[in-house]
Structures are given as structure tokens and as C-alpha cells.
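[1] Build me a structure from this.
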Amino acid sequence: MVDTNALLSIAFTLISNFTNVVPLSPKAVPQKPEDLQGYVIGSPNSPVDAHLVGRYGTEFWIRRGAIHGYSSPGSYFGAQGGPIERFYGTSIINSNDAIQIAAKVVQRLAKRSNPLTNGLPSLRCPTSERIPFFQVSWPSPPGYLGSDLAAQVEIDGRDRSIVDVHVWTPAFEDFAFEDEMKRKAYTADPIKPRPPQKKIAYPKPATSDVAQAIQSWLVFCEKLGLEPGEQTNLANVDWEKTLIYTNLAVSTSAPVCLIRFQNGTLFETLYGVVFAHACRDACYTGAYLERPEAEWAKFQGRVTWKWQDSARDLEARIAQNMAIRKSVYEPSEPFPRMLGANLGQTGCVRALVYWHRLPRLPGSDAADEDFRSFLYAEFDLETGRPKLVVVNDRRLIEALGRALRKASR
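    Prediction:
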């Protein structure tokens, strides 16, 4: 449940702060609900995302704890009809001036990294010289599967005013402030109990097979820097939740064996080869999106590691400790599906990263590429350690099998 009044109050503060970067006329800046002609609260991404439309037509989009979009009725490229003559005039700036003005805005809006280093800006102008408007865009980072653009700014050359701004990449997101918005304006709805489901009688693995798998799993954990936990022998196996099933993501013909310990730690094997591990305190397992708000508290802390460093460390362990050539899983690009707080800040310290295959498929989105990924992992950004590793690629699983058999000799 969202406290609309509390969220709108936060939104007005964000808009006010935004005007420190993008100067706007006072009447264009809503400061109270009466200054709005409409608003939408929530999105598929977050319950505290918002879209506000001011009394005089200015629009603001709030996403991930920050202003991600602003548009005014004075935008030429966003105009929806009306007399074209209202855009006529004489420019007091040139194209180089426009790029410099836009770059300054984008840099000041960024919360981390420099979004201008991904490529050269592109400039778009109307075909008529009587319309002195400039639209400046920067490309998104290589491998980023959201918008093709990192940022876009439109400038009215008649008075140097900013009439439209949109930013897309994680460099502009403020996860810590989004968490603060949720604490102040959002209460998770109570989860409705699910109706009892009929239990499926899955086949069970043989005790000898589980014992052998545990030995291989311990080597897998050692080589990849995973924490096996304190329960690591047959006496600790939760036999009720240990089973054999079909996992179409890795094989359409051979069954997968899932072995779970009493403390919640689990791993999976295919043809006896360990290809997945989840620590007992992994965050992104099961129906994690349905976790109640209070349950996320145990994943809070101070971020001291970059997710990129943790991802590179896992790649290095696969290459060095498992002696698996990078050609087995290249070309690829690690992509952060879920991120927590910024480096050095307090908040969620867990990151979920997928290794997407390159080049990506034409017309695909991030969800499509997640499905095609050959590997994904969860990292604790307070310690830098992996909490979850899942391999979905048969070639990589076969290479892991060869490496584990060699290490177990």
C-alpha cells in the first residue's frame, strides 16, 4: 500500500532538487497536489515510481529514487500538434554550445560514474533553420540492454532553456533514496496464503549418489569461493526436499538432482556434475519478489564492493581454479539484473548478475537475454562473496565436470 500524500511530498522535493540542475520557471514547478492536473503512482518496476503532470503541462517521471524524465510544452521534438510558428525564432547559441550545455546537465544528474564516456554525442536539429532547437544524445554503455541511449537533452536555442531531459542507465539511479521512499511511503500488502497444493511424489536419489555428489560439491565451493556452510555431510541432508526432477533450462533428456540440507543450503547436479549452488542466506532464490518488506531487512548493510569486481573475481576463479578457457563462455557481458545501494552507502547489499551472450538477438530485451544467459550469480556486496551460482550452459557444465573430476583425483 502506498501513502499517496507522503509519496507526492517526496516527489515535490525531488522536483525542487531537479530545478537546481535544470532551471525552470516557477509556474512550471509543481509544489503541492493542487499544482497537478494528474499523476500516476507505481510501475511494474517499483511501487514508488511516479509520473506527475503539472497544471501547465510540464511532466516529470520518477524512477529508482531519481528524476528520470522531464518534458515541457515548449519541447519541439515532443510536440503533439499545435501551430509550428510558436517554435520560430533566432538562436543565440550554436551546436557546440548546445552540446556543452547538455553535457553539463547530464553530468550533474548522474549519481555514479560518467555517462558521457560511452561514446560521442549525437546532435539532432529541425530541418528548418527558423526552428532553433537542439537535441543532444549520448549512447548507453556497451552491453547495456535497456535503451540504446544513456541520456537525451533538448535545448531551446532562443533562450538556452532546457525543455526536455530523459536519462535511462543505472548511472542516474539512486537506490538508497528509493529505499528511503519505500520506508516513508510504502507498506507491502500482506501476502495472501496460498491454497494447499497437491504434493508431487518426486523420485529420490540413491544415498551413495548423494554422498558422492557432496564430495564433488565441496570441491566446487572451494574452487569458486562459495560458502558451503556448517552442514556438509549425509546426516545433514533434508531428504524430504532432496529429489530428482526435470530442468529444461539445462537438459531436455537427463534428470537433475537437487540436494538440500536442513539449514537451507542446496546444490544441483546434472550427470553427477555440480552446476548450481545457493547458500542458506541467498536472497534471489525462489519467489523472492514476494518477500514481505520485513524479510528484506536481513539483506541490509554497507556496500564495500563493486558488483563488477565481484563478477570479475568469479570469472577469474572459473578460468584459473577450474582451468576452463574463456572461449567456453565468450563472448559475453555481465549485466546487473538487481542492484542494491551505491558503493559506500547503506542499503541492500545483494546484486544479481546475469552473463548475457553477445551479440544480443535483434529486438530482444533484458528479460530475453536473461533467458539466454549461460551463467548467473548473486553477490554479497558487503563481503564481495558469491551467494548463488547457477550455470545454464551445457558446454560450461561439461567443462566443470572435467575440472571437478580432475580435482577430485
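[2] Pull the distance from the lowest-mean-pLDDT helix or strand in the chain to the chain's centre.
    When each helix and strand of the chain is scored by mean pLDDT, DSSP states H and E, helix 366-372 comes last, with a mean of 80. Between the centre of helix 366-372 and the centre of its chain there are 13 Å (Cα atoms, centre = their mean, to the nearest Å).
[3] so what does that helix touch, helix or strand wise?
    Judged by 3 or more Cβ pairs under 8 Å, 6 or more residues apart in numbering; DSSP states H and E, helix 366-372 is in contact with strand 332-338, strand 350-357. From N, CA and C alone the C-beta is placed, and that goes for glycine too.
[4] Next secondary structure element downstream of it?
    Using DSSP states H and E, the helix or strand that directly follows helix 366-372 along the chain is strand 375-380.
[5] tilt between that next one and strand 350-357?
    Angular relation of strand 375-380 and strand 350-357 on a 0 to 180 degree scale: 160 degrees, by axes from the mean of the first three to the mean of the last three Cα atoms, to 10 degrees.
[6] for strand 375-380, packing partners?
    Using 3+ Cβ pairs under 8 Å, 6+ apart as the contact criterion, the elements in contact with strand 375-380 are helix 307-320, strand 350-357, strand 386-391.
[7] Mind listing what's buried along the longest one?
    Judged by neighbour count (16 or more other Cβ atoms under 10 Å), helix 307-320 contains these buried residues: Trp307, Ser310, Ala311, Asp313, Leu314, Glu315, Arg317, Ile318.
[8] Tabulate those (JSON lines), appending distance to Leu361.
    Written out in JSON lines, the entries for the buried residues of helix 307-320 read as follows (distance: Cβ to Cβ, whole Å):
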{"residue": "Trp307", "distance to Leu361": "24"}
{"residue": "Ser310", "distance to Leu361": "27"}
{"residue": "Ala311", "distance to Leu361": "22"}
{"residue": "Asp313", "distance to Leu361": "29"}
{"residue": "Leu314", "distance to Leu361": "25"}
{"residue": "Glu315", "distance to Leu361": "23"}
{"residue": "Arg317", "distance to Leu361": "29"}
{"residue": "Ile318", "distance to Leu361": "24"}
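[9] and which of those residues is nearest to Lys241?
    Leu314 (26.7 Å; Cβ to Cβ).
[10] tell me the contacts of the closest one?
    Leu224, Gly225, Ala377, Phe379, Pro386, Val389 (Cβ atoms under 8 Å, 6 or more residues apart in numbering).
[11] Put together a markdown table for the residues you listed, with pLDDT, distance to Phe77 and neighbour count on each row.
    Written out in a markdown table, the entries for these read as follows (pLDDT from 0 to 100; distance: Cβ to Cβ, whole Å; neighbours: other Cβ atoms under 10 Å):
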| residue | pLDDT | distance to Phe77 | neighbour count |
| --- | --- | --- | --- |
| Leu224 | 96 | 49 | 19 |
| Gly225 | 95 | 49 | 16 |
| Ala377 | 97 | 41 | 25 |
| Phe379 | 96 | 40 | 27 |
| Pro386 | 97 | 45 | 24 |
| Val389 | 97 | 45 | 26 |
